[in-house]
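A.B. asks: pasting the structure only:
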């Protein structure tokens, strides 16, 4: 195993992890900002009011993005097998 192989595999892994985490993270950030604006307007400071909408929105986005996530993972594993094939031969 060469250093180039390990660096390429690590870069591909980090890129895929970022792609898979992005929909849920972006949703949580957007819903969190909107919830904080709403809490500021109404002056309600309760942690459950902030947590529950983020949890529900993230779960919905995760369910909707599941087929796309599976495609990304399938592509990742195909690229990993291709990288291993190039390294062995």
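C.D. replies: Arrived safely, thanks for sending. Given the structure is predicted, the values throughout are model-derived calculations rather than measurements. Numbers count the residues shown, from 1 in each chain.

A.B. asks: burial count for residue 59?
C.D. replies: 12 (other Cβ atoms under 10 Å). (Each C-beta comes from the backbone N, C-alpha and C, glycine too.)

A.B. asks: let me see the contact set for residue 31.
C.D. replies: 53-54, 57-58 (Cβ atoms under 8 Å, 6 or more residues apart in numbering).

A.B. asks: for residue 68, state which of the residues you listed is nearest.
C.D. replies: Distances from residue 68 to those, taken as Cβ to Cβ, are shortest for residue 58 (15.2 Å).

A.B. asks: correct me, but the closest one touches residue 29?
C.D. replies: No - Residue 58 lies out of contact with residue 29 (Cβ atoms under 8 Å); the separation is 10.3 Å.

A.B. asks: and the two? Which one has more around it.
C.D. replies: The neighbour comparison of residue 58 against residue 29 (other Cβ under 10 Å) goes to residue 58, with 17 against 11.

A.B. asks: quick one: mean pLDDT over the helix or strand residue 50 falls within.
C.D. replies: Element membership of residue 50, judged by DSSP states H and E, is helix 47-88. If you average the pLDDT over helix 47-88, you get 91.

A.B. asks: try stretch 5-23
C.D. replies: Mean predicted lDDT for stretch 5-23 stands at 93.

A.B. asks: list the contacts of it.
C.D. replies: 61-62, 65, 68-69, 72-73, 76, 79-80, 83, 87.

A.B. asks: again, only using 7 Å
C.D. replies: 61, 65, 69, 72, 76, 79-80, 83, 87 (Cβ atoms under 7 Å, 6 or more residues apart in numbering).
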